[in-house]
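Chemist: Take a look and give me a structure for this.
(chains A and B)
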2 protein chains.
Amino acid sequence: MDKSSLPAVVLLSGGLDSAVALAVARRDGFRCHALTIAYGQRHAVELDAARRVAAALGAVEQRVFSLDLRAFGGSALTADLDVPRDRNAEEMNSGIPITYVPARNTVFLSLALAWAETLGAFDLYIGVNAVDYSGYPDCRPEFTFAFEQLANLATKAGVEKQGRFHIHTPLVHLSKGEIIHLGLTLGVDFGLTHSCYDPAPDGAACGRCDSCRIRRDGFVAAGVPDPTRYALG
Amino acid sequence: MDKSSLPAVVLLSGGLDSAVALAVARRDGFRCHALTIAYGQRHAVELDAARRVAAALGAVEQRVFSLDLRAFGGSALTADLDVPRDRNAEEMNSGIPITYVPARNTVFLSLALAWAETLGAFDLYIGVNAVDYSGYPDCRPEFTFAFEQLANLATKAGVEKQGRFHIHTPLVHLSKGEIIHLGLTLGVDFGLTHSCYDPAPDGAACGRCDSCRIRRDGFVAAGVPDPTRYALG
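Modeler: Predicted coordinates:
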């Protein structure tokens, strides 16, 4: 089906995964409206990355929506808590880490849904991943499936065209190395993306937080050069 | 069960229904954390009402969380569109009105969920109503049930205590007259609440929008005086 006239909303953080999700949405033929959420994250440098990625990957529009999840706190990304460093694979796989932001993807998908409905879009893309991920509950397929069901009940558009909303999660069953391969195939410049939770003031990646470690291991697994600018050798 | 040590998050708009929902949550024994959302609504006077209601009904805390849904528009409440006036019951029951705000209750419950998780609360109250309501899809029991399922999949707390999140909708099957009766039983002062979508600059209710008409008819049905201050006779 030619979807070139159909709009989609793509959640775009500025990280590696969401950049590939945007590239997939474009490959699928959608006109892509990229939604970036400024939620008070400590790594706000990713917002600049999102702007660069949206432009490079041909989004027809990018919006930055602001809401301050620091009002609720409860995460190392939104409260004054230390971001864990130098954890090995076993530590990273032992439970949900302190960088989990309460209900973040629920809030983000809700906002994407609101925008989609006003755009007349029924397709939402989110770059969640349940393989090389950080144990976040709202990155699992059962979560996105439940949100899809909710979307079709929650909205005027969903009621009028029951079952039409679809939450696309093209990366959910891929390893980080596979995501990187897919992105390269689709022309993603990973040098534009930002993953680090705890970057240096100049935006350089720490190389030591879970997000950096998963990303770095992904480039190794993919067997391609890592374009990330690290603060530490 | 004595829930006096248990926290709950109550969505409190400042309108009639959410005031009664808060009163019910208090009756149920919860420590109530009231969440009011400033979303760019044209009837921002309801935010003042919410503060008064929270204080009068013994919420332990009230927070006003800001996000600007005017960024998406698509509703007479958040865009430059006329609020319908003087519609009769048949007109009000014919489809979803232009005052529907895309995905509003999904966004609101998502934020309530985020706050609940940081508070250690598993109980959320929302004053939705599927009887004398305005045809909004996100006021139906199938919507809140789907959100409850989502909440238990979306969060760290939901994963750790599977099934524990509960979305309370104590008004969902009541008529407006019954809601008013219930509120009076629980000591709600409806003079503190605000329902009008299109108030005068001094906050007086228009008496003619759907929300005013449903409210006014509710007081008539309940057979009690309507304390609302109307701009028109």
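
Chemist: In contact with the residue lying closest to A:Leu69 once chain neighbours are set aside, which residues?
Modeler: Nearest non-adjacent residue to A:Leu69, counting by C-beta to C-beta, 6 or more residues apart in numbering or on different chains: A:Tyr39, 4.3 Å away. C-beta: built from backbone N, CA, C; applies to glycine. Taking C-beta atoms under 8 Å, 6 or more residues apart in numbering or on different chains, we find A:Tyr39 in contact with A:66-69, A:78, A:101, A:104, A:107.

Chemist: Please list the members of the residues you listed that lie in strands.
Modeler: Among the contacts of A:Tyr39, the members falling in strands (DSSP state E) are A:Ser66.

Chemist: Now, of the contacts of A:Tyr39, which are buried?
Modeler: A:67, A:69, A:78, A:101, A:104, A:107 (16 or more other C-beta atoms under 10 Å in any protein chain shown).

Chemist: sorry, back to before: dump the contacts of A:Tyr39 to CSV, plus pLDDT and distance to A:Gly218.
Modeler: Shown next, in CSV, are these (pLDDT from 0 to 100; distance: C-beta to C-beta, whole Å):
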residue, pLDDT, distance to A:Gly218
A:Ser66, 93, 30
A:Leu67, 92, 30
A:Asp68, 90, 31
A:Leu69, 88, 27
A:Thr78, 81, 25
A:Val101, 84, 22
A:Arg104, 93, 21
A:Val107, 96, 26
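
Chemist: Please flag which of the contacts of A:Tyr39 sit within helices.
Modeler: A:104, A:107 (DSSP state H).

Chemist: For the residue of chain A most remote from its centre, give its distance to chain B.
Modeler: The centre of chain A is farthest from one residue, A:Glu160, which by C-alpha atoms, centre = their mean lies 29.1 Å away. Taking C-beta to the nearest C-beta, to the nearest Å as the measure, A:Glu160 falls 8 Å from chain B.

Chemist: Quick one: mean pLDDT for stretch A:14-31?
Modeler: Averaging pLDDT along stretch A:14-31 gives 97.

Chemist: Show me which helix or strand of chain A is least confident by mean pLDDT.
Modeler: Between all helices and strands in chain A, the lowest mean by mean pLDDT, DSSP states H and E belongs to helix A:89-92, at a mean of 78.

Chemist: for that one, which positions count as buried?
Modeler: A:Met92.

Chemist: And it, how far out from the chain middle?
Modeler: Here helix A:89-92 is found 21 Å from its chain centre; the criterion is C-alpha atoms, centre = their mean, to the nearest Å.

Chemist: Can you report how many residues lie near A:Gly191?
Modeler: 13 (other C-beta atoms under 10 Å in any protein chain shown).

Chemist: Tell me which residues touch it, please.
Modeler: A:227-228.

Chemist: Let me know the pLDDT of it.
Modeler: pLDDT, A:Gly191: 96.

Chemist: does the nearest residue to A:Leu171 once chain neighbours are set aside count as helix, strand or coil?
Modeler: In space, and not counting its chain neighbours, A:Leu171 is closest to A:Asn129: 4.8 Å by C-beta to C-beta, 6+ apart. Using DSSP: H, G, I helix; E, B strand; the rest coil, the structure places A:Asn129 in coil.

Chemist: A:Asn152 now?
Modeler: Applying three-state DSSP: A:Asn152 is helix.

Chemist: following the lengthiest strand in chain A, which helix or strand comes up?
Modeler: As assigned by DSSP E, the longest strand anywhere in chain A is strand A:31-38. Sequence-wise, the next helix or strand downstream of strand A:31-38 (DSSP states H and E) is helix A:45-56.

Chemist: who are the neighbours of that next one, in terms of helices and strands?
Modeler: With contacts defined as 3 or more C-beta pairs under 8 Å, 6 or more residues apart in numbering or on different chains; DSSP states H and E, helix A:45-56 has these neighbours: helix A:16-27, strand A:31-38, strand A:61-66.

Chemist: Could you dump these into CSV with distance to chain B added?
Modeler: Formatted as CSV, those follow (distance: least, C-beta to the nearest C-beta, whole Å):
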stretch, distance to chain B
helix A:16-27, 18
strand A:31-38, 10
strand A:61-66, 6
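
Chemist: Out of these, indicate the one that is most buried.
Modeler: helix A:16-27 (a mean of 26; mean count of other C-beta atoms under 10 Å in any protein chain shown).

Chemist: mind showing which ranges of chain A have poor pLDDT?
Modeler: Applying pLDDT under 70 to chain A picks out residues A:1-4, A:132-134, A:232-233.

Chemist: what comes up buried for stretch A:202-215?
Modeler: Buried-residue list, stretch A:202-215, by 16+ other C-beta under 10 Å: A:203-215.

Chemist: Repeat that for stretch A:48-56.
Modeler: Buried, per 16+ other C-beta under 10 Å, within stretch A:48-56: A:49-54, A:56.

Chemist: How far off centre is that stretch?
Modeler: Distance, centroid of stretch A:48-56 to centroid of chain: 13 Å (C-alpha atoms, centre = their mean).

Chemist: ok, and what's touching it?
Modeler: Contacts for stretch A:48-56 (C-beta under 8 Å, 6+ apart): A:12-15, A:18-19, A:22, A:34, A:36, A:62, A:64, A:188-189, A:192-194, A:203.

Chemist: cool, stretch A:222-229 as well?
Modeler: Residues contacting stretch A:222-229 (C-beta under 8 Å, 6+ apart): A:176-178, A:180-181, A:184, A:189-191, A:195, A:203-205, A:207, A:212, A:215-216, A:219-220.

Chemist: rerun at 7 Å
Modeler: A:177, A:180-181, A:184, A:190-191, A:204-205, A:215-216, A:219 (C-beta atoms under 7 Å, 6 or more residues apart in numbering or on different chains).

Chemist: neighbours of the residue nearest to A:Leu171, just the number please.
Modeler: Using other C-beta under 10 Å, A:Asn129 has 26 neighbouring residues.

Chemist: got it, and the one 10 residues further on?
Modeler: One way to gauge burial is a neighbour count; for A:Cys139, by other C-beta under 10 Å, it gives 23.

Chemist: contacting residues for it?
Modeler: Per C-beta under 7 Å, 6+ apart, neighbours of A:Cys139: A:105, A:128-130, A:133.

Chemist: Quick check: it vs chain B, distance?
Modeler: From A:Cys139 over to chain B (counting by C-beta to the nearest C-beta), the distance is 10 Å.

Chemist: what about the closest residue to that residue other than its chain neighbours, how many residues close to it?
Modeler: Closest residue to A:Cys139 apart from its sequence neighbours, by C-beta to C-beta, 6+ apart: A:Val128 at 4.1 Å. By other C-beta under 10 Å, the residues close to A:Val128 number 24.

Chemist: returning to what we had before: okay, the helices and strands packed on helix A:45-56 in CSV with distance to A:Ser5 next?
Modeler: Output for the helices and strands packed on helix A:45-56, formatted as CSV (distance: least, C-beta to C-beta, whole Å):
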stretch, distance to A:Ser5
helix A:16-27, 14
strand A:31-38, 7
strand A:61-66, 15
